[in-house]
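[1] Sequence and computational prediction follow.
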Amino acid sequence: MVDLEADKYQESEASKAVEKVAVDTSNLSDYVGKPVFHAERIYDHTPIGVVMGLAWTSMGGSTLYIETSMVEQAEGKGALQLTGQLGNVMKESAQIAHTVARAILLAKEPDSTFFGNSKLHLHVPAGATPKDGPSAGCTMITSLLSLALKKPVKKDLAMTGEVTLTAKILPIGGVKEKTIAARRSGVKLIIFPAANKGDFEELAPNVKEGLEVHFADDYSQIFDLAFPDEHKLENHEKEPTLA
């Protein structure tokens, strides 16, 4: 005859002997392995002259910073130095960004001589990684204006989009990959070109969850989002001109 009471007692004792394991951030990698992807975030609060951009790579999306600092300031010293192993397309984007940023600053502050008298250094970390592509223009302009205005951009902001000499925002590729990269780096606010709105709306809900996304077709809209306390720029109905 089977002793059912004895069997139940043994099962109960066995369940009590099971060791409980607490899994937290200190030992998570012991159970699931090392992270496959790493956040490229360097700053919790981006300093003046620094803006987070979004890039597409062969491995997927990535965040990258555009950093601008002052090298020298004196009458007639206006110039732009570039580093970060940039390709020809990004070098052209930087020159366009310098011209557009100067026009925007003059529209806001007609007496400003900042760009005309400032030798600036624009860098894209990491310098050992080759970079090229037509989607960093708006980030470069914002970095230059942040330095010129002596004002950091809004917290947890990232952007992507090429800019023309007339401050129009052109569409980009890799919307899904760039959105995932932004989420991985804790970004809360993303600015995409207006022409990419349909691409973003097609993404799965779990990819878009928790993000505030704006779409811009003119740089004035990006300016108002990046520097919310500054006077709003009027939409560029005509080409910006340099004084």
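    Here it is on my side, so go on.
[2] Tell me which strands the strand ranked longest in the chain pairs with, and in which orientation.
    Ordering each strand of the chain by length in residues (DSSP state E) puts strand 60-73 first. Take DSSP bridges as the rule and strand 60-73 pairs in its sheet with strand 50-57 (antiparallel), strand 118-123 (antiparallel).
[3] per-residue confidence for residue 63?
    You'll see residue 63 listed with a pLDDT of 89.
[4] So what sits opposite it in the bridge?
    Note on residue 63: beta-bridge partners residue 54, judged by DSSP bridges.
[5] And for it, the neighbour number?
    Neighbours of residue 63 under the rule other Cβ atoms under 10 Å: 21. For every residue, glycine as well, the C-beta is placed using N, CA and C.
[6] Please report the distance of it from residue 224.
    Distance, residue 63 to residue 224, using Cβ to Cβ, to the nearest Å: 22 Å.
[7] Let me see the contact set for the spatially closest residue to residue 197 that is not a sequence neighbour.
    Closest residue to residue 197 in three dimensions, ignoring its sequence neighbours and counting by Cβ to Cβ, 6 or more residues apart in numbering: residue 215, at 4.7 Å. Taking Cβ atoms under 8 Å, 6 or more residues apart in numbering, we find residue 215 in contact with 191-194, 196-197, 200.
[8] How is residue 215 assigned, secondary-structure-wise?
    For residue 215, the secondary structure call by DSSP: H, G, I helix; E, B strand; the rest coil comes out as strand.
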